[in-house]
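**Student:** Need coordinates for the following:
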Amino acid sequence: MIKKTFLALGLMTILFPVVAFAEDPSGATLNMGLNSLWVMLAFILVLLMQGGFILLEAGSTRMKNAGHVAGKTIFTVGLAALIYWAFGYGIAFGGESSIASFIGWGDFFFDPQLAGDAAAGDNYPNGVFFLFQLAFAAISLSIAWGGFAERAKLSSYIVFTLFFVGLIYPIVAHWIWGGGWLAEDGAQDFAGSTVVHLTGALAAFAATVLLKPRIGKFNKDGSANEILGHNQVFTALSVLLLWVGWFGFNAGSTVAIGDGFFTYVAFTTMLGAGGGGVAALLISWAVTGKADITTMLNGTLAGLVAITASCAFVEPWAAVVIGLVAGVLVFYSVKMFEKFKVDDPIYALSVHGMAGIWGTLANGIFATQELADKVGIGTGGLIDTGSWKQLWVQFESVVVVGAFVLAASFLVLGVMKMIMGFRVTEEQEIIGLDLSEHGAYGYPEQLKKPGQGFQG
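**Tutor:** Numbers count the residues shown, from 1 in each chain. Modelled structure (predicted):
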């Protein structure tokens, strides 16, 4: 035991020399240092999920838009960092006010040197908590871009980022994670099936409705044409990157090493993902006679989305069931949206929207009282307690968040459409956004500008 203590202190000396040589190298100081490392690692994993979104959107769309996809993703993440620093964090986690149940107010232009300790106590510094929450906001924003894909002006990404990261997303985060009124009701959303995924998906829905389908997606008789993505290997790699990043997403949300509970959260996350991928492949095989790869990839992501809310609240068998249902749900919901003539190029509405709703409601069915007490939020679900209370709270959070995000997104995007327009012209869409918006191709060796020949 003594040997392990000296080893831990030695590690702290290397990693945190100022802290390690403080006057009181206590257990609390050591605990704070290790927690800080863990949350910082989780932030890095979640930030790297943007690489997954780049490959997912680029691989699921046509090569004439690949450079645009990659560039606008990096740009909007940078813009989101500035907006969240200036306004978003203060609305999500700001200090107390007379309307604190509905909106945070304080810590604008956040400065970790002035903010003091994190709201949860002395377990980690506020600066690393800010970074972790920023990464979540950026993920929700990237989900929203699914509704813009292949037909939105670059300027529309800039304007919508201001409102989404500065106001829409932070209000939802405050309601559930920042001590707002849904948190007071006991809404369980451990890592963001509602806060991150459903919020982003509903913004995507508003965008795709107002933008209307891509050229050639639907025929006059209402039948749909399949517009294939240009690189399924990119799409598969994106799922792997997102899967790995999800351990920072879910397990990192413990924001502590403590008794090792983060490993349990990672464990249920893995089971949910596996269930989603297996169920989606099998259902597509059974219904169509072909084991569709795209459906399987979407099912894996749907399993991850669904288990995100419940990863800390359910037993392993329930995590598998949640993933299995998500995999089946994503298969049928893709067909449903297509039937309604909703053009969703990267399946954000099915993967993040429908699976996000299911994952949130699943807490009300499968959460155990023991784990709810451990996390300190809400109660056990219907199966464990026989009570409908938690399921009602989960339903309430889905309905309220859904109504708010839809109303706010349609309002912002509707005004944008009237004032500036946010769809490119037909000619620009046919040429591709790489050339029409940026003047360069993402695959310059494969394509050529007008009047130029191929270079050997």
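
**Student:** so what's residue 219 closest to, chain neighbours aside?
**Tutor:** Nearest residue to residue 219, sequence neighbours excluded (CB to CB, 6 or more residues apart in numbering): residue 225, at 6.7 Å. (Glycine included, C-beta is placed from N, CA and C.)

**Student:** I'd assumed residue 218 was in contact with that neighbour.
**Tutor:** Yes: with contact defined as CB atoms under 8 Å, residue 225 and residue 218 form a contacting pair (7.1 Å).

**Student:** okay, these two: which has more neighbours?
**Tutor:** residue 218 (17 against 11; other CB atoms under 10 Å).

**Student:** tell me the pLDDT at that one?
**Tutor:** What the model reports for residue 218 is a pLDDT of 93.

**Student:** Quick check: the residue lying closest to residue 63 once chain neighbours are set aside vs residue 242, distance?
**Tutor:** Take residue 63 and drop its neighbours on the chain: the residue closest to it by CB to CB, 6+ apart is residue 230, 4.1 Å away. Plainly put, residue 230 is 19 Å away from residue 242 if you go by CB to CB, to the nearest Å.

**Student:** which of those two has more neighbours?
**Tutor:** Taking neighbours as other CB under 10 Å, residue 230 and residue 242 compare with residue 242 leading, 25 against 18.

**Student:** With just CA atoms, put the strand or helix carrying that one into CSV.
**Tutor:** Element membership for residue 242 (DSSP states H and E) is helix 232-250. Output of helix 232-250 as CSV, limited to C-alpha atoms (Å, rounded to 0.1, in the frame of the first residue of the first chain):
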residue,chain,number,x,y,z
GLN,A,232,-18.3,3.3,-47.8
VAL,A,233,-14.9,2.6,-46.3
PHE,A,234,-14.9,6.2,-45.0
THR,A,235,-18.3,5.6,-43.5
ALA,A,236,-17.1,2.4,-41.7
LEU,A,237,-14.0,4.2,-40.4
SER,A,238,-16.2,7.0,-39.2
VAL,A,239,-18.2,4.6,-37.1
LEU,A,240,-15.1,3.1,-35.6
LEU,A,241,-13.8,6.6,-34.7
LEU,A,242,-17.1,7.6,-33.2
TRP,A,243,-17.3,4.3,-31.3
VAL,A,244,-13.9,4.9,-29.7
GLY,A,245,-14.8,8.5,-29.0
TRP,A,246,-18.0,7.4,-27.3
PHE,A,247,-16.1,6.0,-24.3
GLY,A,248,-15.0,9.6,-23.6
PHE,A,249,-18.5,10.7,-24.3
ASN,A,250,-20.2,8.3,-21.9
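
**Student:** follow-up on the earlier one: how is the residue nearest to residue 63 assigned, secondary-structure-wise?
**Tutor:** Under the three-state scheme (DSSP: H, G, I helix; E, B strand; the rest coil), residue 230 adopts coil.

**Student:** Can you pull the phi/psi pair for it?
**Tutor:** Backbone dihedrals for residue 230, given as degrees, to the nearest 10, come out at phi -90, psi -10.

**Student:** Flag the shaky bits of this structure, pLDDT-wise.
**Tutor:** Across the chain, the ranges flagged by pLDDT under 70 are 1-27, 96-98, 115-122, 446-456.

**Student:** all strands in it, in order from the N-terminus.
**Tutor:** Ranges of strands in the chain, per DSSP state E, are 117-118, 121-125.

**Student:** one step back: what's near enough to touch the residue nearest to residue 63?
**Tutor:** 58, 59, 61, 62, 63, 66 (CB atoms under 8 Å, 6 or more residues apart in numbering).

**Student:** got TSV for those residues, with distance to residue 292 too?
**Tutor:** Formatted as TSV, these follow (distance: CB to CB, whole Å):
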residue	distance to residue 292
58	20
59	15
61	18
62	19
63	21
66	23
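
**Student:** Keep only those of the residues you listed that are in helices.
**Tutor:** 58, 59, 66 (DSSP state H).

**Student:** Among those residues, which one lies nearest to residue 340?
**Tutor:** residue 59 (24.8 Å; CB to CB).

**Student:** mind checking how far the closest one is from residue 256?
**Tutor:** Distance, residue 59 to residue 256, by CB to CB: 36 Å.

**Student:** Give the residue from those two that has the larger number of neighbours.
**Tutor:** residue 59 (24 against 20).

**Student:** Hmm, the more buried one is touching residue 241, no?
**Tutor:** No: counting by CB under 8 Å, residue 59 does not reach residue 241; the two are 11.4 Å apart.

**Student:** what's near enough to touch residue 35?
**Tutor:** 123, 124, 255, 256, 257, 258.
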